[in-house]
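Show me how the following folds:
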Amino acid sequence: MRLTPILFLACRLFAAEPAGWTHYGGDAGGSHYSTLKQIDRKNVSKLKLAWEYHTGDLAEGGRTLRNAAFEATPILIDGTLYFTTAHNKAIALDAATGKEKWTYDPKIDRNKGYSEVTSRGVSYWKDPKGGGRIFFGTLDARLIALDAATGKLCPDFGKGGIVDLGESLGGIKFPGDYQVTSPPAIVGDVVISGSSIGDNGSAAMDRGTVRGFDARTGKVIWSWDPIPALKESGAANAWSVLSADVERGLVFIPTGSASPDYFGGLRKGDGKWANSVVALKAKTGEFVWGYQVVRHDLWDYDVAAQPVLITWKGKPAVAVTTKVGFVFVLDRLTGKPLLPVEERRVPASSVPGEEASATQPIPFSDPLVPQSLKPEDAFGVTPEAKKWCADKIRSLYTEGLYTPIGLRPTLAIPGNAGGSPWGGPAYEPQRGLLIANTNNVPFEIELIPREEFPKRRLEAQNNRLDGEFAPQRGTPYGMFRTPLRHPSGPLCGPTPWGAIAAVDLATGKIKWQVPLGTMIPGMMTGTPLMGGPMVTAGGLVFVGAAMDGKLRAFDVETGKELWYAYLPAGGQATPMTFSAGGKQYVLIAAGGHGKLKTKQGDSVVAYALE
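Numbering: from 1, shown residues only. Got it, this is the predicted structure:
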């Protein structure tokens, strides 16, 4: 049949319309954007629950449950949704109905101690010879390949479908502190994986080597060490989600801090390429460029968010959000800043043996979170609580942004959970908006001389002091850190404690910013957030992440809340959207977050128009 030009164009547009997420973050570049627009600003208020699936992940119990976080974002391949639970159980569902197709359980030891108990999802590789594979890493350091159609292990990959990630590293020094919590990137026939490594147990933690594996055999093709010059340190690992420019054959690696977080006396210098975004050739691992957003990190300012591949004024670019609350826009081919950046002098360290960086890169863009805190800024539900918080703030040592952690209680703002978290931002290409969740959570942190550390930790246990002690073995100092909050619970910093913001990337200016969630009835305080936003061509931003258990939709132009639904458990995951049977669905994993103490569950929920 011969088509008229108009009908031909209509068919082309229809055929080009994607059904949904094929990668974590929507596409290989992590845009968190969908062209689907059946659900829009006019009808989003009519969204209703379409189906709900229960993973059964809580039923087996185990000590890991207390810290378990269901942070996965499913991907959609040929009408099937694929994802993993916090304990690495892989699941395939029919997208239209939520009916289970298959499951695979790698049998994680649920009574072992792990730094994190989470998995953000899986990746898909289409085999040129036919069929496809689902790849994911595990809490106990395995890389697994499953047949996408059946859920069976791929026998020709590694040993019976499994690669022991420690084997090619010559062993893992700290089992339980070396994990994989984010899906790998896949470019061509190469599966690229980072790792999640505990930061503060020792100076010499396992190294954050990034590796490329053959998608068919599991053999290591290449390895890249972010910190080859730092022999006394470890980590600098890529624990968050990687991005890829498949056409150019590039993979973009977000790295964390070298170990330990708060004392750098054994890792002199800038520490490249920790706390950076690095472009590598995906086929060979060859270094192309790197940009370090924090030098000689002393604050646990990992690059937690997935780098987002965008087009900036006609140029291929990478947008990077940081825990400090900055937005960097870099040339995708060279790593050079496109939004201006200056080197600004920052405070020196008074800690013996420490040599803090004299300067830090500061972009000329609006910071997403407060970067200073004064006593008069203190929050309090009552005058007495406000005074307590003001006095607490006044007692802490600070010289402003990038004040090195000292031998007395030091104010860290943003704290290590601040700025843009692991959920990453979304990019709306028509308006050039970067939409990011943000945390405003100041911390009190202190270095403790080694000889005093056991006594201080015991005293804290006896007095039920709420906070984290970490030994930082191999250094002269242990560490204590805790969110800055009133004994009754609320944070001492000003609200909002969590927000969602839209940044005009052409200028670096915030277009709108609104609190996200509440911790106090009747007050839009915002809450600490875990999970990212999604934006659609329907003019909507969907986001869970907040501690109050809601999935929300906002107007992308104004930030006005247009819809919400109460989730069966905490929604500390990034939502996604897809089309099945002519209907658009919005889906989120709702299983809660053990460390945030949101309601735990095992639900995947999908919403559609009535």
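
contacts, neighbours, all on C-alpha from now
Fine.

Centroid-nearest residue for the protein?
Against the mean C-alpha coordinate of the chain, by Cα atoms, centre = their mean, the closest residue is W422 at 1.6 Å.

ok, now which ones touch that residue?
Contacts for W422 were tallied using Cα atoms under 8 Å, 6 or more residues apart in numbering; they are S240, A304, A305, Q306, M530, G531, G532.

In helices, which of those residues fall?
Among these, none falls in helices (DSSP state H).

count of neighbours near the residue lying closest to P476 once chain neighbours are set aside?
Excluding the flanking residues, the one nearest P476 by Cα to Cα, 6 or more residues apart in numbering is R450, at 5.4 Å. Residues within reach of R450, counting by other Cα atoms under 10 Å, total 17.

and what of the one 10 residues further on?
Residues contacting A460 under the criterion other Cα under 10 Å number 14.

Tell me if it really is in a helix.
Yes - counting by DSSP: H, G, I helix; E, B strand; the rest coil, A460 is part of a helix.

quick revisit: what's the spacing between the residue nearest to the centre of the chain and T322?
9 Å (Cα to Cα, to the nearest Å).

joint contacts of the two?
A304, A305.

would A145 count as being in a helix?
No - secondary structure of A145 (three-state DSSP): strand, not part of a helix.

tell me the contacts of it?
R133, I134, F135, F136, L153, C154, F157, G161, I162.

Who is it paired with across the strands?
F135 (DSSP bridges).

Just the strands from the stretch 51-200 of the chain, written as ranges.
68-69, 75-77, 80-84, 90-94, 100-104, 117-118, 123-126, 132-137, 142-147, 162-164, 178-179, 185-187, 190-193, 196-197 (DSSP state E, counting those that start in this stretch).

With distance to Y262 and mean pLDDT added, can I get the ones you listed in a markdown table?
Shown next, in a markdown table, are those (distance: least, Cα to Cα, whole Å; pLDDT from 0 to 100):
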| stretch | distance to Y262 | mean pLDDT |
| --- | --- | --- |
| strand 68-69 | 26 | 96 |
| strand 75-77 | 37 | 98 |
| strand 80-84 | 33 | 98 |
| strand 90-94 | 36 | 98 |
| strand 100-104 | 39 | 98 |
| strand 117-118 | 23 | 97 |
| strand 123-126 | 34 | 98 |
| strand 132-137 | 28 | 98 |
| strand 142-147 | 29 | 98 |
| strand 162-164 | 31 | 98 |
| strand 178-179 | 20 | 97 |
| strand 185-187 | 30 | 98 |
| strand 190-193 | 26 | 98 |
| strand 196-197 | 15 | 98 |
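
Buried deepest among those strands, which one?
strand 68-69 (a mean of 30; mean count of other Cα atoms under 10 Å).

Now distance to H296 too, for the contacts of A145, in JSON lines please.
Below are these laid out as JSON lines (distance: Cα to Cα, whole Å):
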{"residue": "R133", "distance to H296": "39"}
{"residue": "I134", "distance to H296": "37"}
{"residue": "F135", "distance to H296": "34"}
{"residue": "F136", "distance to H296": "31"}
{"residue": "L153", "distance to H296": "42"}
{"residue": "C154", "distance to H296": "42"}
{"residue": "F157", "distance to H296": "39"}
{"residue": "G161", "distance to H296": "39"}
{"residue": "I162", "distance to H296": "36"}
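
Distance check, the residue nearest to N416 when sequence neighbours are not counted against P106.
Once flanking residues are discounted, N416 sits nearest to D300: 5.4 Å by Cα to Cα, 6+ apart. Distance, D300 to P106, by Cα to Cα: 31 Å.

out of these two, which sits in the busier spot?
D300 (21 against 14).

doesn't T255 make contact with that one?
No - between D300 and T255 there is no contact under Cα atoms under 8 Å: 11.2 Å.

sorry, back to before: looking at the contacts of W422, which are in strands?
Using DSSP state E, no member of the contacts of W422 sits in strands.

Save those as a markdown table, and put in pLDDT, neighbour count and distance to F287 too.
Listed next are those as a markdown table, based on pLDDT from 0 to 100; neighbours: other Cα atoms under 10 Å; distance: Cα to Cα, whole Å:
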| residue | pLDDT | neighbour count | distance to F287 |
| --- | --- | --- | --- |
| S240 | 98 | 29 | 19 |
| A304 | 97 | 25 | 21 |
| A305 | 97 | 27 | 21 |
| Q306 | 98 | 31 | 19 |
| M530 | 97 | 29 | 31 |
| G531 | 97 | 25 | 30 |
| G532 | 98 | 31 | 29 |
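
which one of these is nearest K42?
G532 (23.4 Å; Cα to Cα).

From S240, how far off is that closest one?
12 Å.

cool, I162 as well?
When I162 is compared with S240 (using Cα to Cα), they lie 22 Å apart.

with the contacts of A145 in mind, which one is nearest to N200?
For the contacts of A145, the nearest to N200 is F136 (25.7 Å; Cα to Cα).

who touches the closest one in this structure?
G121, V122, S123, L143, I144, A145, S182, P183, P184.

contacting residues around the fourth one?
Think L143. L143 neighbours (Cα under 8 Å, 6+ apart): F135, F136, G137, I162, V163, D164, L165.

The third one - nearest residue in space that isn't next to it in sequence?
Taking Cα to Cα, 6+ apart, and ignoring the residues beside it in sequence, G137 has L143 as its nearest neighbour in space, at 4.4 Å.
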